[in-house]
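Participant: sequence first, then the predicted structure, then my questions.
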Amino acid sequence: MELIKTKDLSKTYISGETETKALRGVSLVIENGEFSVITGPSGSGKTTLFNLIGALDSPTSGTITFDGKDLSKLNRKERTLFRREKIGFVFQTFNLIPVLTAFENVAFPLNLLRVPEKEIKEKVYNLLEKVGLKGMEERKPAALSGGQQQRVAVARALIKEPVLILADEPTANLDSATGGEIMKLMKKLNKEEEITFLFATHDPMVMEYSRRRIKLRDGKIQE
Amino acid sequence: MKFIFKLGMKNLLRYKERTILTCLSLAVGICILLFFNGTLEWADDASIRNLKKYETASMKIGNAEFFEEENYIPVDEVIRGKEKIEKILEEKGMEYTPEIKFKASLINEITGDSYPFFGMGIEAKSHEKVYDLREMVYEGNLPKSSREILISKNTAELLNVGIGDYLIVETDTKSGGHNADAFKVTALFETPNPELNKGFFYISLGGANNLLAMGGDINLIAVKANQNEESLARELKKEIDKEGMTVRTWQEQAQDYMDLSQGKKGGSSMMLMMVFIIITVGIVNTMNMAVFERTGEIGMMRAMGMTNREIILNFIFESGAMGFLGGILGLVLGAIVTWYLIHFGWDMSNYVGDLSYGYRVSAVFHSKWDPGMMITALVFSTISASIISVFPARRALKRSISETLKSAGKFG
């Protein structure tokens, strides 16, 4: 079943008198439950495409639908609430909130969704156990290794049971063994929870795990 | 809301040194505000007390012409219908005392040193019922015989005289002539009212009557009202108006002080403005740093679906808590300073001497508890700090999410 559909998606950034065409008419479809990767050299438009799919930005032209809903027609507040409910993000450098514990970081999206305290506790403890962080709930990011921090980040992306997880270079700051563990974990969750995963990466290991590769070059798909 | 508040509090402890320094700067500002406000409040209270107890009484009755030219002390403008006025005052059960106020020079007959003063001819017995000067006479008594003079300790030092010495009092008489006579210093006084200490001397009513050739006339009646001063003054004014006499309340007599007191209100607003500037500079700087350092984090929170309102609220809580903590610390510091000043005072005599600047207070500065100002300062500090934080937060939110994430090198 079709989850994301882009049609002639273009994005142009204007800085002073300079125009940069980051995306030039990208059309693609991402099915529900996919575990796909977008690859391409730096400046190919991966991040821009991610930003548009994740409703972080709006296109200059073209359309992008998510579950049949046209994202380009959403206003800022609607895009925020869309991200809050539907999208999970995993960042390259984890982006955990340093003053919060692992538990609190994972609970963050549920707090935004106003989930009752009791339910949050139950869900967060379960998920942290699932990602192999049992007993580390009260540790702050600084007291966790890179791999553990990325596990917290993955748990944070998953906790609200999003429709789509966008992971940008999730293994870039991890050694290959830890990176492999994180990928296995995400693959497992993709199978078990049927969550769609979309990666942006240069890492061959991530590509190995994915079922589909979408190559971008100069803002166009090269599939 | 609860978790946003919790996050704000946790962020507050993120950069402890910076938070402490900001709180300290707010605390110092509030402490200074409380110090000035408490001291001015005390100066207000003490001035009113010292004016009434030693200088103006509750009100004075005199010839309207006398008051109009009070700066020149026209001694020929005397009270008419004195007996009738005294009868009215007695009927109302008010304490009063007759006075002859005049300008004179005090001359040390040995050194020839001469200084201008205000002379007061007083009737010791009734004077004590209206004023508290008697309590401030630390050697001797109020002048009773016509050749005794009571001067302040300051005046004694200025003219280099002591008890038992003689001073020449030279003045204009009621009819415009000159007269001078020798008076024996029989007592010294020192009041908390510097105007009296530096500018007044006292002789008996009889002595003044002879010296100024008043022919039994007086130019003032000082009245003490224990309550309802203003309504009593209005009533009296009506009753004695027909005689061409009038009533001057203590406020009307001490116009210099009243002007200063009114100005003080503007001064308090200025000080609040000063504290606001301290808060603005401190908080804006701290919050700018916080927003700058957390650019990527703000981007991440927005990406995860935190609304602009929630992010601003997070900064408001953080900054407001800083303002509150700084305010509390300022109250503690201010309370310590106020307590010390109330109990021990701050002797400024080396700097201000007996200058009153319009306030009738001694050079030992005290303070006064002002719970209203303390609450205002705390609320003001908290609210200002909260409001100010909105600006750097809003500025950060103007940037696109992808840009803020990129600046932190995280997403893309």
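Facilitator: In hand now; what should we look at? Numbering: from 1, shown residues only, chains lettered A, B, ... in the order given.
Participant: which residue is nearest the centroid of chain A?
Facilitator: When C-alpha atoms, centre = their mean is applied to chain A, the residue found nearest the centroid is residue A:166 (1.6 Å).
Participant: in its sheet, what does the helix or strand harbouring it sit against?
Facilitator: Using DSSP states H and E, residue A:166 maps to strand A:164-168. If you go by DSSP bridges, strand A:164-168 pairs up with strand A:87-90 (parallel), strand A:196-200 (parallel).
Participant: how far out from the middle of the chain is it?
Facilitator: In terms of C-alpha atoms, centre = their mean, to the nearest Å, the centre of strand A:164-168 is set 2 Å apart from its chain centre.
Participant: any idea which of the strands paired with strand A:164-168 gets closest to residue B:359?
Facilitator: strand A:87-90 (65.6 Å; C-beta to C-beta). Any C-beta I mention is one placed from the backbone N, CA and C, and that applies to glycine too.
Participant: quick one: mean pLDDT over whichever helix or strand comes after that closest one.
Facilitator: Going down the chain from strand A:87-90, the next helix or strand is helix A:102-112, by DSSP H and E. Average pLDDT, helix A:102-112: 94.
Participant: contacts for helix A:102-112?
Facilitator: Contacts to helix A:102-112, defined as C-beta atoms under 8 Å, 6 or more residues apart in numbering or on different chains, come from residues A:84, A:88, A:96-97, A:100, A:119-120, A:123-125, A:127-128, A:133, A:136-141, A:144, A:148, A:152-153, A:155-156, A:159-160, B:3, B:304-306, B:310.
Participant: again, but for stretch B:105-118
Facilitator: Residues from elsewhere that reach stretch B:105-118 (C-beta under 8 Å, 6+ apart): B:73, B:101-104, B:151, B:155, B:158-161, B:166-171, B:180, B:182, B:199-201.
Participant: what about chain A: which of those touch it?
Facilitator: Filtering those for proximity to chain A (criterion: C-beta under 8 Å from any C-beta of the partner chain) leaves nothing.
Participant: any of those buried? List them.
Facilitator: B:73, B:101-102, B:104, B:151, B:155, B:158-159, B:161, B:166-171, B:199-201 (16 or more other C-beta atoms under 10 Å in any protein chain shown).
Participant: for the one helix or strand residue B:157 maps to, C-alpha coordinates in CSV please.
Facilitator: Element membership of residue B:157, judged by DSSP H and E, is helix B:153-158. What follows is helix B:153-158, C-alpha atoms only, in CSV (Å, rounded to 0.1, in the frame of the first residue of the first chain):
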residue,chain,number,x,y,z
LYS,B,153,25.5,71.3,69.9
ASN,B,154,26.5,72.2,66.4
THR,B,155,25.9,75.9,67.0
ALA,B,156,28.0,75.7,70.2
GLU,B,157,30.9,74.1,68.2
LEU,B,158,30.5,76.6,65.4
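Participant: quick one, phi psi at residue A:85?
Facilitator: When read as degrees, to the nearest 10, the backbone of residue A:85 gives phi -90, psi -40.
Participant: was I right to think it contacts residue B:304?
Facilitator: No. Between residue A:85 and residue B:304 there is no contact under C-beta atoms under 8 Å: 10.8 Å.
Participant: who's more crowded, those two?
Facilitator: residue B:304 (20 against 15; other C-beta atoms under 10 Å in any protein chain shown).
Participant: who's in contact with the residue in chain A that chain B sits nearest to?
Facilitator: Closest contact between chain A and chain B, by C-beta to the nearest C-beta, is at residue A:84 (2.4 Å). For residue A:84, the contact set (C-beta under 8 Å, 6+ apart) comprises A:109, A:112-113, A:160, B:304-306.
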